[in-house]
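Student: Model the structure of this input:
(2 chains)
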Amino acid sequence: MLKRLVGGREADVIVGDLREEFEARGGGRLWYWRQVLSCFAVRLSPYRLSAPDLFQDFHLAARIMRRNPGYALTAMVCLGLGIGVNATVFTMVHELFWRNLPVPESDRVVAVTREREQMTCSWRDYLEFERRSGAMFAGLTAYDDVPTSLDAEGSSQIVMGEAVTANFANVLRIPAQAGRWFTPEDDRIGAEPVAVISDGVWTERFGRSPEAIGKRIRIEAQRYRVVGVAPPGFVGVSPPHTAKVWTPFLSQPYVRELLANGGGWERPRVRLFGRLAPGVRVGEAQAGMRVLDEQLQREFPRERASNGALLAAVAAGASMAGVREVAAPIATLLFSVTGVVLLIACVNVANLLLSRSAVRRHEMAVRRALGASWLRLVRQTFCEGLTLASGGAVVGVVLAYWTNRLLASSLPALPHIGTATLQMNVDWRVAGFALCVAALSAVAFSIAPALEQARPDPGVGVQGGSGGSRPRRQRDFYVIAQVALSLTLLIAATLLVRALGRARDIDPGFQMDRRLAARIYISEPEYTPDSGRLFFDRVMERVQAVPGVGSATLSYTVPLNFSDSLCVAAEPNARPRRTGSDTVVPGYFGTLGIPLVRGRQFEAGDREGAPKVAVVNETLAQRFWPGADPIGKTFLAGCDVKKPRELTQVVGVAKDAKYESLDESARPFVYRPLAQNWVGFMAVIVETQGNAGDFVTPLRAALRELDPNLRIYEVQTLREYASESLWKVRWEATLLGSFGALGMLLAAVGLYGVVAYTVAQRTREIGIRIAVGAQPDDVMWMVLGRGLALTGIGVGVGVLLSAGLARLMAGLLYGMSPFDPTSFGLAATAWTAMAMLASWVPARRAMRVDPVVALRWE
Amino acid sequence: MLLAVVRLGDGAYGVPIRREIEERTGRKVTVGALYATLDRLEAKGFVSSWFADPTAERGGRSRRYFRVEPAGIESLARARDMFERMWKGVRLA
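Tutor: Have a look, this model is predicted:
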């Protein structure tokens, strides 16, 4: 070690010396090590690193800060704000993208994914991979994440579940905190269905009772015996979803069905995780898996579809393609925005340093005259910058801690059936990130002042004249840049906020006021399709008897929540097209207020056995039979190649509506009657008199009354569903709005600083002007004019910049033009008002300048 | 430090230099500080050093010997003169 640090012969000498003395002293290990340590200390100390006075520079920087606490504090808070928002966004992005799974040695757990594919491979592929990949993986496990209904101890919820292979817990090394995980006996067709529940479910449903083990819970239609509880903090392997229940893969009814009916080689499909065998690197595993993949392709060329190449990466949020798709654009947007905020903060501090550099011209000139080199002066400024920035980093991390907590609790939730939770913790990574950002910004904001201070112009300096025009022009430039940048943020935020308002005004094509939906689920063995239909009839009767309920209907999907799809072909030989679809009962169109344009709605006669019928929307009618009367036309419905497609007749045409999101463009849609297409997972939608929210409890009670064991999930108003569907814009508007405001505040402080500084510098001139008869108003306008001129240029640049950038936001604006003049106007006006305020304060001070004092100045 | 090297003459290498200073000043000197100082003196041209052949008593490791150069002697003389001038006529208490 010593040799490495000191190098070759010299170390030899030192070791020799030590040995000689060690023997002469007759021992003393402690002494020996103290001597060794002293060598390190000396070698590593900054004194040796060609900068013997670096410590002095920092010392001076610290002294300057102590002597000018206002200046230091302002700079640190500005930087802290900028660093803080970046750290917050970093936490968020880190949480979504880079967080490794919370399992032991998580850097050895690898997700095997496939290019451009959601699911990695088929179940049969997995069996082959598992058998042949022993050289690369200590264990390879397969899973599928499925939103499921979970019914335990009398309450029902839709949660995220994971269907996993028996070796899941072994590969991840997560011991059960109670009971056990699955054995190969559990993961076999025909085995008793068993389940492992999450710590959360154990707490909420079973009160952490050990008796939970062995209890029965229900997942979808099947009953499971609880055999274990997952360790606390383990929320599955599909972040940001929080998995709450795990079942053996082969216990899944859909899996059994696919395997029994010979779904082919390619189905069912799974995702893969493996724990690397000792000594194997990720790249090696990836290469090995690709070879295996090709091998399988050669062996089963007809059964297997040829897919994209396999990828392997350390399992983190990033391996989840779904997360990436949702989060990547948001993350990009957020980082650009916070980057701009940081830039504004840096410009502010640079400005501050520049003003100080004018004050310190004298000092610098003296130092230069005494022989300080150019490099030395530049270094001094950088040291100050670094000192300020590290203060800023501390402020930033503290701020990030608070904003993270605030955000975690106040941000609108991600739209994943209520299962997503962002855990926003400030850890060493965040702190490290803050430090890096701080160091970078220190360099950024110190460059100009450093060069400015070190600029040799000895003539002026020593005698102590006032600052030249160069730094002033530089500061003007900074202010303009700040105004432009923050205005861009402000315009973007205004656009989003207005788009949000506008989205609320979009006509959804159905009535959402006073409508309430309750999701219920009936399935075998209690209900067959026949008894289920009878039960749904009773539901309709009972619900309509609730006082205050006008009409009621049933629908598979709830508008603006999710939608189903169907393959539709007009001719037997035509290529089927995917359309939106829903399964409803007679009366649906009435309750939702969707007008029928032509034909009739469903009737009691449209039953099983009768000719299949459908109601289509205007867009579908127009696309399939342009110019013709769609009533009586037929189409073939069905996507499954194994089952015969159903010849379906159009009996009615409904007006277009919004089905999945408010900003979608018109899309073809098919409604089919429940009587001819059985679904047990239905939403009861009621039209109420008065506030729909008041009917949540009565509706629940009425449903319970019919069947105490009925599985009832969320009960929500259609307004709430619509508002949830706007989550993305709301999210972005919230964040962008707050960051935009922050940016504006910082820029305003910067503007104030510059104008105030000019006033201070021109006190003498102003004094003379007043002495020779200038009116206070003239002086005020002179100062205000300067602030406003800078703002004006900044606003101009900002508007141009926004016009260029707004196009990128077009997708988020619900059809509003990205050049919406109102938004631009509003933001620009707001900024101008802010600028007036920021310049007015120093302008007033200028008005009060006493000519006598001013002339004596300096 | 320079004085110690001068005083030790031909035998000036790490161990005796350190011992000399510790005995005369009563202050502990670590190996690290010792060589750092000697390196600096060498860089200024006050001392020079060479490596001797390895000896068995040091486990086959060589010694680094130091010798004072004329510049070092001059600097010592200057320091002593200055000291003496400053002490001239000073009486304590």
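
Student: so which helix or strand takes in A:Phe589?
Tutor: If you go by DSSP states H and E, A:Phe589 is part of helix A:588-592.

Student: residues in contact with that helix?
Tutor: With C-beta atoms under 8 Å, 6 or more residues apart in numbering or on different chains as the test, helix A:588-592 has contacts from A:510-511, A:515, A:551-555, A:559, A:594-596, A:601-602, A:615, A:654, A:671, A:685-687. C-betas here are computed from N, CA, C, even on glycine.

Student: What is the burial count for A:Pro175?
Tutor: As a burial measure, A:Pro175 scores 14 neighbours (other C-beta atoms under 10 Å in any protein chain shown).

Student: hmm, which helix or strand of chain A has the shakiest average pLDDT?
Tutor: Ranking every helix and strand in chain A by mean pLDDT, DSSP states H and E puts helix A:458-463 at the bottom, with a mean of 48.

Student: got a list of what the spatially closest residue to A:Ala569 that is not a sequence neighbour touches?
Tutor: Leaving aside its chain neighbours, A:Ala569 sits nearest to A:Pro576 (4.1 Å; criterion: C-beta to C-beta, 6 or more residues apart in numbering or on different chains). By C-beta under 8 Å, 6+ apart, the contact set of A:Pro576 is A:Cys567, A:Val568, A:Ala569, A:Leu636, A:Cys639.

Student: Please state the backbone phi and psi of A:Pro576?
Tutor: For A:Pro576, the backbone dihedrals (degrees, to the nearest 10) come out as phi -70, psi 140.

Student: What is the burial count for the closest residue to A:Ala493 other than its chain neighbours?
Tutor: The shortest distance from A:Ala493 to any non-neighbouring residue, by C-beta to C-beta, 6+ apart, is to A:Gly740 (3.8 Å). Neighbourhood size, A:Gly740 [other C-beta under 10 Å]: 27.

Student: Confirm that A:Gly740 sits in a helix.
Tutor: Yes. Assessed with DSSP: H, G, I helix; E, B strand; the rest coil, A:Gly740 lies in a helix.

Student: any idea how far it is from chain B?
Tutor: 55 Å (C-beta to the nearest C-beta, to the nearest Å).

Student: Can you name every helix or strand that the lengthiest helix in chain B contacts?
Tutor: In chain B, assigned by DSSP state H, the helix with the most residues is helix B:70-87. If you count contacts as 3 or more C-beta pairs under 8 Å, 6 or more residues apart in numbering or on different chains; DSSP states H and E, helix B:70-87 packs onto helix B:2-8.

Student: Tell me how far the helix it packs on lies from the chain's centre.
Tutor: Relative to its chain's centre, helix B:2-8 lies at 5 Å (C-alpha atoms, centre = their mean, to the nearest Å).

Student: and that helix, what does it pack onto?
Tutor: Secondary elements touching helix B:2-8 (3+ C-beta pairs under 8 Å, 6+ apart): helix B:14-25, strand B:64-68, helix B:70-87.

Student: could I get these as CSV with mean pLDDT and distance to B:Ala4?
Tutor: Below are the helices and strands packed on helix B:2-8 laid out as CSV (pLDDT from 0 to 100; distance: least, C-beta to C-beta, whole Å):
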stretch, mean pLDDT, distance to B:Ala4
helix B:14-25, 81, 4
strand B:64-68, 82, 9
helix B:70-87, 84, 11
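
Student: Around chain A, which positions in chain B sit nearby?
Tutor: Within chain B, the positions near chain A by C-beta under 8 Å from any C-beta of the partner chain are B:13-15, B:18, B:30-33, B:35-36, B:51, B:54, B:57-59, B:61-64.

Student: who's in contact with A:Ala756?
Tutor: Applying C-beta under 8 Å, 6+ apart, the residues contacting A:Ala756 are A:Val841, A:Pro842, A:Arg845.

Student: For PyMOL, what selects the buried ones among those residues?
Tutor: To isolate the buried members of those in PyMOL, using 16 or more other C-beta atoms under 10 Å in any protein chain shown:
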select buried, chain A and resi 842+845
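
Student: ok, the contacts of A:Ala756 vs chain B, which is closest?
Tutor: Distances from chain B to the contacts of A:Ala756, taken as C-beta to the nearest C-beta, are shortest for A:Pro842 (53.3 Å).

Student: quick one: secondary structure of that closest one?
Tutor: For A:Pro842, the secondary structure call by three-state DSSP comes out as helix.

Student: Which positions within the longest helix of chain B qualify as buried?
Tutor: Going by neighbour count (16+ other C-beta under 10 Å), the buried part of helix B:70-87 is B:Gly72, B:Ser75, B:Leu76.

Student: Run a quick neighbour tally on the closest residue to the first one other than its chain neighbours.
Tutor: Take B:Gly72 and drop its neighbours on the chain: the residue closest to it by C-beta to C-beta, 6+ apart is B:Phe46, 3.4 Å away. For B:Phe46, the count of nearby residues is 22 (other C-beta under 10 Å).

Student: how close does B:Phe46 get to A:Ala835?
Tutor: 64 Å (C-beta to C-beta, to the nearest Å).

Student: can you tell me how far A:Phe234 sits from chain B?
Tutor: To chain B, A:Phe234 is 50 Å away according to C-beta to the nearest C-beta.

Student: Can you report phi and psi for that residue?
Tutor: phi -90, psi 120.

Student: A:Glu220 too?
Tutor: Dihedral angles of A:Glu220 (phi, psi; degrees, to the nearest 10) stand at phi 50, psi -130.

Student: residues making contact with stretch A:272-288?
Tutor: A:105, A:108-113, A:120-121, A:126, A:129, A:133-143, A:171-173, A:237, A:310-315.

Student: Now go through the residues you listed and say which are in strands.
Tutor: In strands, defined here by DSSP state E, the members of these are A:109-113, A:121, A:137-143, A:310-314.

Student: could you flag which of these are buried?
Tutor: Among those, the ones that count as buried by 16+ other C-beta under 10 Å are A:109-113, A:121, A:137-143, A:310-312, A:314.

Student: circling back: can you give me how far the longest helix of chain B is from the chain middle?
Tutor: Distance of helix B:70-87 from the chain centroid (C-alpha atoms, centre = their mean) equals 15 Å.

Student: Show residues contacting the helix or strand A:Asp57 falls within.
Tutor: Using DSSP H and E, A:Asp57 falls within helix A:54-67. For helix A:54-67, the surrounding residues in contact (C-beta under 8 Å, 6+ apart) are A:Pro46, A:Tyr47, A:Tyr71, A:Ala72, A:Arg379, A:Gln380, A:Cys383, A:Glu384, A:Leu386, A:Thr387, A:Leu388, A:Gly391.

Student: Quick check: mean pLDDT of stretch A:697-706?
Tutor: Stretch A:697-706 shows a mean pLDDT of 86.

Student: Tell me which residues of that stretch come out buried.
Tutor: Buried, per 16+ other C-beta under 10 Å, within stretch A:697-706: A:Pro698, A:Leu699, A:Ala702, A:Leu703.

Student: of these, closest to A:Gly792?
Tutor: A:Leu699 (58.7 Å; C-beta to C-beta).

Student: And the closest residue to the closest one other than its chain neighbours, how far from A:Gly548?
Tutor: Take A:Leu699 and drop its neighbours on the chain: the residue closest to it by C-beta to C-beta, 6+ apart is A:Ala518, 5.4 Å away. Using C-beta to C-beta, we find A:Ala518 at a distance of 15 Å from A:Gly548.

Student: next one: A:Arg114
Tutor: 53 Å.

Student: neighbour count winner among these two?
Tutor: Neighbour totals were compared for A:Arg114 and A:Gly548, and A:Arg114 leads with 20 against 13 (other C-beta under 10 Å).

Student: who does that one bridge with?
Tutor: Residues in a beta bridge with A:Arg114, per DSSP bridges, are A:Leu310.

Student: Surely it touches A:Leu311?
Tutor: Yes. Contact criterion C-beta atoms under 8 Å: A:Arg114 and A:Leu311 qualify, at 6.8 Å.

Student: quick check, nearest of the buried residues of stretch A:697-706 to B:Arg85?
Tutor: For the buried residues of stretch A:697-706, the nearest to B:Arg85 is A:Leu699 (104.8 Å; C-beta to C-beta).

Student: any idea which element the closest one lies in?
Tutor: In the assignment (DSSP H and E), A:Leu699 maps to helix A:696-706.
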